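[1] Generate coordinates for the sequence data below:
(chains A and B)
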Amino acid sequence: MFKKLIFGMFAVLLTAACADVSLNSHVPIATDVVVRANEGMEDAMDGAFMTAAFMTLTNDSDHDMTLVGAKSDVAPMMQIHEVVNGVMQEKVGGLVIKARTSEMLKPGGNHVMLMGMTEPLKAGEEVTLTLLFDDGSELEVTGPVKAVNLEQEHYHSGEPSPSMSGM
Amino acid sequence: MTQIARRTILKAGAGAAAVAATSVGFSAATKNGSTNTVEPFFGKFQSGISTAPQEHATWVAFNLLPETNLDELGRLLRVWTTDASRLMAGKEALVDNESTLAIGPSNLTITFGFGPRVIALSGKAQLEDLPSFGIDQLDPKWSGGDLVVQVCGNDQVKIHHAIRELTTDAKPFAQIKWRQTGFLPSLDLSNSQTPRNLMGQKDGTANFNPDSAEFNQTVWKNETNLVGATTMVIRRIQMKLDDWEKLSPDLKEKVIGRKLDSGAPLSGGDEFTPADLDQTDHHGLVIPGDAHMRRAKTGEFKIHRRSYSYQTESDASGNFDQGLIFVAFQQNLDQFIKIQQRLDAMDSLNTWTTPIGSAVFLIPPGCENGGWIGQTLI
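    So this is what the prediction gives:
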């Protein structure tokens, strides 16, 4: 469906090619990492900023891996989210990346949610995130912050937006 | 403009205007066929300058928002570099608005440039706007700009998509000043011939082969932080076709100084034969004194032209406009200015053409993977 480009929204993106790739065979390879810029997008209720990180995670191993969380200096709280019927929610149990497959974290789908930020991320900055997996392994990824045309509702849980249904 | 023979017999002492000669036709006028053809993004030079002309082009100029400083501009350029390198490779931009449109880049090239105000802010180079010319009737809506993005390719949808993505990237930093689109004849590009403009003239005959030493000397800068940089002039030139079409073929050829069909100088030979400016017949000079090609010859000053035709949609009265988006690359703007001053002073073609837009940009060098466009200046 057509995205409505009503809100001049920004996003942070983590670059694919430049993303750090762990040599640990139990950790997926992250590419096309990007974080959405969120300048001017503070929450009306508490004044905090939130945003999302997107990437492709490729599991080259013969074992399933589960992304259970993330941490970063730029956000005190991070969660793995999914979008179900247009409603964003925490993905219970984390995101499973099956053996020999890739998972795309993208707008309208699974993503890493950054919350409770006191400072917004500006387009063109670089952000480093540490992805946490269920076996205790970690993967550090770096990518650019990028302005993105997306509806703001997409990043607030609860109210489903009819225009988001196809995303 | 400058008419330099590029395929001809090297004739010693043929005059300053007819010096450079190469043995092959202009390789830049080659249209590569496949939708999957990828032009290289990374390298010493930006793409879209020595690249063989593609069928379509769009230029978007931006003005920086008041709060955008050099640091912020640097951040935009990092994002632009990432997305441009991906789009040229046929890969979606990061968080692409419509990723399916990135597939099949069709020789897409993306070129970034800085206007005089950005160069002044940077302090690491010099770029002044053009002097005013008597023939100019410039409209601000086609003129100036702090940044420019040139996107060329053989598929308009890919160009539109790339512009869409790059404009989204720029939103926090800059607003669009103007946007222009142009096109070239497929036939000429397929046959590696000089593309014709909307007056039917071969446009760009004097260009050097991009592989030649003359091209390198004409186009690329050598200063420390500018190795591989160049300058770009974009002039929107309106054509008064209603009046032009009333001229007899003979008169049209005298205005230009060249045969319309072959592009050969009226003094004889083929398109790339050096003009004999002194040749006379019983009427006088064969190439008239005010002919465009005679006036454009400065001898020492050369430029590389990469122009496109334009047409507008109709206005409320049913009128529309057409002409040439004249694009020239040269080491220093002075090379263009010297030629343009001669044409401004006297050129028969001025009766049928009017510059209505004008902008100049410094095109920074290319970058390697991991670097970003403009890193030596911003």
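[2] in chain B, which helix has the most residues?
    Looking across chain B with DSSP state H, the single longest helix is helix B:70-88.
[3] quick one: it to chain centroid distance?
    Distance, stretch centre to chain centre, for helix B:70-88: 23 Å (Cα atoms, centre = their mean, to the nearest Å).
[4] List the buried residues in it.
    Buried residues in helix B:70-88, counted by 16 or more other Cβ atoms under 10 Å in any protein chain shown: B:72-73, B:75-88. C-betas here are computed from N, CA, C, even on glycine.
[5] between the residues you listed, which is closest to B:Thr181?
    B:Leu87 (17.3 Å; Cβ to Cβ).
[6] Contact partners for that closest one?
    B:Ala93, B:Ala102, B:Pro105, B:Leu108, B:Ile110, B:Lys158, B:His161, B:Ala162, B:Glu165 (Cβ atoms under 8 Å, 6 or more residues apart in numbering or on different chains).
[7] the helices in chain A, which residues?
    Under DSSP H, chain A gives no helices.
[8] Break down it into its strands, ranges please.
    Taking DSSP state E as the criterion, chain A carries its strands at A:11-13, A:29-36, A:49-59, A:65-71, A:77-84, A:87-90, A:95-97, A:101-105, A:111-117, A:126-133, A:138-146.
[9] now, of those strands, which is deepest in the fold?
    When you average the neighbours per residue for each of the strands of chain A (mean count of other Cβ atoms under 10 Å in any protein chain shown), strand A:11-13 leads with a mean of 31.
[10] on that earlier part again, can you list the strands of chain A in a markdown table and add distance to chain B?
    Converted to a markdown table, those look like this (distance: least, Cβ to the nearest Cβ, whole Å):
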| stretch | distance to chain B |
| --- | --- |
| strand A:11-13 | 4 |
| strand A:29-36 | 4 |
| strand A:49-59 | 6 |
| strand A:65-71 | 18 |
| strand A:77-84 | 15 |
| strand A:87-90 | 16 |
| strand A:95-97 | 18 |
| strand A:101-105 | 10 |
| strand A:111-117 | 10 |
| strand A:126-133 | 8 |
| strand A:138-146 | 5 |
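[11] Now tabulate the ones you listed in a markdown table and tack on distance to B:Gly263 and mean pLDDT.
    Listed next are the strands of chain A as a markdown table, based on distance: least, Cβ to Cβ, whole Å; pLDDT from 0 to 100:
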| stretch | distance to B:Gly263 | mean pLDDT |
| --- | --- | --- |
| strand A:11-13 | 48 | 44 |
| strand A:29-36 | 48 | 94 |
| strand A:49-59 | 51 | 95 |
| strand A:65-71 | 63 | 97 |
| strand A:77-84 | 60 | 94 |
| strand A:87-90 | 62 | 90 |
| strand A:95-97 | 61 | 97 |
| strand A:101-105 | 52 | 95 |
| strand A:111-117 | 57 | 95 |
| strand A:126-133 | 52 | 96 |
| strand A:138-146 | 47 | 95 |
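[12] Quick one: residues contacting B:Ser122.
    Residues near B:Ser122 by Cβ under 8 Å, 6+ apart: B:Leu70, B:Phe114, B:Leu377, B:Ile378.
[13] Buried ones only from those, please, as a ChimeraX command.
    The following ChimeraX line selects those of those that are buried, judged by 16+ other Cβ under 10 Å:
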select /B:114,377,378
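[14] Keep only those of the contacts of B:Leu87 that are in helices.
    Per DSSP H, the subset of those in helices is B:Lys158, B:His161, B:Ala162, B:Glu165.
[15] how about B:Ile356, secondary structure?
    strand (DSSP: H, G, I helix; E, B strand; the rest coil).
[16] ok, it - contacts?
    Contacts of B:Ile356 by Cβ under 8 Å, 6+ apart are B:Gln137, B:Leu138, B:Asp139, B:Trp142, B:Arg236, B:Ile237, B:Gln238, B:Gly323.
[17] Could you check how many residues crowd around whichever residue of chain A sits closest to chain B?
    As assessed by Cβ to the nearest Cβ, chain B sits closest to A:Gly124 within chain A, at 2.1 Å. By other Cβ atoms under 10 Å in any protein chain shown, the residues close to A:Gly124 number 27.
[18] nearest residue to the closest residue to chain A within the stretch 1-150 of chain B other than its sequence neighbours?
    At 2.1 Å from chain A, B:Arg75 is the closest residue in the stretch 1-150 of chain B, using Cβ to the nearest Cβ. Leaving aside its chain neighbours, B:Arg75 sits nearest to A:Gly124 (2.1 Å; criterion: Cβ to Cβ, 6 or more residues apart in numbering or on different chains).
[19] my guess is the one you found meets B:Thr82, correct?
    No: contact status for A:Gly124 versus B:Thr82: not in contact, 9.9 Å apart, counting by Cβ atoms under 8 Å.
[20] which residues are common contacts for those two?
    Common neighbours of A:Gly124 and B:Thr82, using Cβ under 8 Å, 6+ apart, are A:Pro144.
[21] tell me the contacts of the residue located most distally from the centre of chain A?
    Centroid-distance maximum for chain A: A:Asp62 at 24.9 Å, with Cα atoms, centre = their mean. By Cβ under 8 Å, 6+ apart, A:Asp62 lies in contact with A:Ala99, A:Arg100.
[22] Repeat the analysis, applying 6 Å as the threshold.
    Applying Cβ atoms under 6 Å, 6 or more residues apart in numbering or on different chains to A:Asp62 gives the contacts A:Ala99.
[23] hey, C-alpha coordinates of stretch B:140-154 in CSV?
    Provided in CSV are the C-alpha atoms of stretch B:140-154 (Å, rounded to 0.1, in the frame of the first residue of the first chain):
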residue,chain,number,x,y,z
PRO,B,140,15.3,32.6,-9.5
LYS,B,141,13.2,29.4,-9.7
TRP,B,142,15.8,27.9,-12.0
SER,B,143,18.9,29.5,-10.4
GLY,B,144,21.3,29.1,-7.6
GLY,B,145,21.4,26.5,-4.8
ASP,B,146,23.7,25.4,-2.0
LEU,B,147,23.7,21.7,-3.0
VAL,B,148,23.0,19.8,-6.1
VAL,B,149,22.3,16.2,-6.9
GLN,B,150,22.5,15.1,-10.5
VAL,B,151,20.9,11.7,-11.2
CYS,B,152,21.3,10.2,-14.7
GLY,B,153,20.2,6.9,-16.0
ASN,B,154,18.4,5.0,-18.8
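[24] in it, what counts as buried?
    Buried, per 16+ other Cβ under 10 Å, within stretch B:140-154: B:142-154.
[25] if I look at B:Lys177, how far off is B:Gly357?
    As for B:Lys177, its distance to B:Gly357 is 11 Å (criterion: Cβ to Cβ, to the nearest Å).
[26] same check, this time on B:Arg86
    Counting by Cβ to Cβ - B:Arg86 and B:Gly357 are separated by 31 Å.
[27] ok, then the element right after the helix or strand where B:Glu253 lies?
    Assigned by DSSP states H and E, B:Glu253 belongs to helix B:249-256. Sequence-wise, the next helix or strand downstream of helix B:249-256 (DSSP H and E) is strand B:280-281.
[28] show me what contacts the residue of chain A closest to chain B?
    B:Arg75, B:Leu76, B:Arg78, B:Val79.
[29] which residues does the third one contact?
    Listed by Cβ under 6 Å, 6+ apart, the contact partners of B:Arg78 are A:Gly124, B:Trp372.
[30] in the stretch 201-350 of chain B, which spans are helices?
    Assigned helices in the stretch 201-350 of chain B, in chain order: B:213-219, B:241-244, B:249-256, B:292-296, B:333-345 (criterion: DSSP state H, counting those that start in this stretch).
[31] Understood, closing this out.
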